[in-house]
Structures are given as C-alpha cells and as structure tokens.
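Asks: no sequence for this one, just the structure:
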C-alpha cells in the first residue's frame, strides 16, 4: 500500500511541529506539504528544519498548489482558517482531519456539508486516551445518575484562545446525554458572588489557563460521602498527532462522510 501523503496546516506552530515529527517517524506516511499564513516568517523554509530533520518540503501559503499533492490535510489552526482550507480540500477531493476547536453551530454545519463530498474526521480531541475517557464517562454517568453533582475542570496553556476547551464541552455533552439532560439548559460556566444553592441537575465548568499546560481534563461526580474523578492529562501533543494519523488511515478508501474518533476507534 502506498504511503499517505500528508499536508500540515499551521506547520510552524506547536501542534504543527509535532505533526511533522509524527509523520516523519511513521513508516506509512510522508510529508507532502506544510502550510502557514501569508505573513509567516517561516515561508520558504524547509519544514523539516522545524524538527531538526530537513525533508525538502518548503513551507508555503499557497494552499491550492500545496494540497494538489496531498491525500490528507491535518488542521489544528483557527476556525476561519480551517474552513478556508476545507473548501480547497472539498474542491480537490483531499481528505481532512480537523482538530480545531471553537466552531459555532453555523460553522459546524459547513463542515457537515463538506463531508457529503469528502471524508472528514472532526473531533474535539484526537488523543486515543481522551476518547477512551469519553466512553468511560458515558458508562459512569448512567451508573451515577442519582445523587451525584457533575463538574468539569480543564486546564490549558496560556495561548489557548477558546474556553471551555472543546474537549471539556464534549465531556459535558456526553454526561448530559447519558443523564437525559440538555447541556444548553443545565450548564454553568464559572461562578461568582452569591450564587445560591447548587441545582441538582446543573453541570458546572471550571477553566484554568496558564503556563505550558498541554491539556488536563477532569470530570468530577460528587456524591454524599464519596467522589469519583475521571481524569486525563496530556504530557505531550504527540498523542493528538498520533490519533490524527490513525484517523487519516481510517479514511483510506472512503469517498465521503463525517466521522469522529469514536468511529475511528470502533467505540460506537
């Protein structure tokens, strides 16, 4: 089987460099393109130099030309940039792995529309371990459906621009669905002042931003006389990169469809 030709969006960023490293170390993959925004000081440089291993692929802002030689684009950038890249993928028939978070409902609808023409794996978190936690949360919530208060606590580095994280929101959605609740109606995002007694059906979110925290997530089920905590901590972005490549392999041979990591891992 031929190697998967990967294009990496935001290649000079923290996640982009990790993705380049992961592709370079995989036996079934090759870096075909490295994208950056038009004002990037890295344009024209060898993408491999970002990880100390020149590869002959120059970083470019020419999305159309770059994607013509790619099988799959992995994108962990910003919603607006991701959607612009997606339209090019749609036109050229390039598969796409979307790890970007912070999309509006309207933007998510655009992704759903594009997936009718090209295969897309779109997930709030690409790490295999996090997706195992998603499954555990569904089971735990169904067991702890009476007498337990639910709180979601997440921490990320100072550079993260959306809050709560997409992963934290997905955790809240999974728990709410398992409990027969609507997250839009029962979620509270931070508390201050005289808040009154906590409603039993509420799902709370707490957000921490600071330093270089890659990503920590905990869902707390607080009952009478006991607490159950389900936690995932990322020590490296490599877990997201490896999960993204697993998603790309899953899409081989598919012509269209919207999938997430639960599909990729067979957890449905």
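Replies: Thanks, I have it. This is a predicted model, so every value here is computed, not measured.

Asks: Need the contact partners of the longest helix seen in the chain.
Replies: What stands out as the longest helix in the chain, according to DSSP state H, is helix 128-143. Outside helix 128-143, the residues within contact range by Cβ atoms under 8 Å, 6 or more residues apart in numbering are 123, 125, 150, 167, 170-171, 174-175, 177-179, 217, 219, 221, 228, 230, 232, 234, 239, 242-243, 246, 261-262, 265, 267. (Each C-beta comes from the backbone N, C-alpha and C, glycine too.)

Asks: Okay, helices next: where are they in the stretch 151-268 of the chain?
Replies: 166-178, 183-186, 238-251, 261-264 (DSSP state H, counting those that start in this stretch).

Asks: Mind listing what's buried along the last one?
Replies: Meaning helix 261-264. 261, 263, 264 (16 or more other Cβ atoms under 10 Å).

Asks: Just name the closest of those residues to residue 41, please.
Replies: The closest of the buried residues of helix 261-264 to residue 41 turns out to be residue 261 (Cβ to Cβ; 33.4 Å).

Asks: Enumerate every residue touching that closest one.
Replies: 121, 123, 125, 126, 128, 131, 243, 247.

Asks: now do 6 Å
Replies: Taking Cβ atoms under 6 Å, 6 or more residues apart in numbering as the criterion, residue 261 is in contact with 123, 131.

Asks: For it, give its distance to residue 159.
Replies: 23 Å (Cβ to Cβ, to the nearest Å).

Asks: beta partners for the residue lying closest to residue 168 once chain neighbours are set aside?
Replies: Spatial nearest neighbour of residue 168, excluding adjacent residues (Cβ to Cβ, 6 or more residues apart in numbering): residue 154 at 4.1 Å. For residue 154, the beta-bridge partners are residue 207, residue 217 (DSSP bridges).

Asks: contacting residues around residue 154?
Replies: Taking Cβ under 6 Å, 6+ apart, one finds 164, 165, 168, 207, 217 in contact with residue 154.

Asks: What about the residues you listed, which one has the most neighbours?
Replies: Counting neighbours by other Cβ atoms under 10 Å, residue 168 leads these with 26 neighbours.

Asks: so that residue touches residue 152, yeah?
Replies: Yes: contact between residue 168 and residue 152 holds when scored by Cβ atoms under 6 Å: they sit 5.0 Å apart.

Asks: what about residue 100, how many residues close to it?
Replies: Neighbours around residue 100, by other Cβ under 10 Å: 25.

Asks: Please, which helix or strand holds it?
Replies: Using DSSP states H and E, residue 100 maps to neither a helix nor a strand.

Asks: Is residue 91 part of a helix or strand, or is it coil?
Replies: helix (DSSP: H, G, I helix; E, B strand; the rest coil).

Asks: Domain parsing of the chain, as residue ranges.
Replies: Under the assignment automatic domain parsing, the domains of the chain span 4-122+237-264, 128-234.

Asks: what about the strands in the protein?
Replies: Using DSSP state E, the strands assigned to the chain run over residues 4-8, 29-35, 59-60, 72-75, 95-98, 119-122, 149-156, 187-189, 203-209, 215-222, 227-234, 257-259.

Asks: and the fifth one, which strands flank it?
Replies: Strands that pair with strand 95-98, judged by DSSP bridges, come out as strand 72-75 (parallel), strand 119-122 (parallel).
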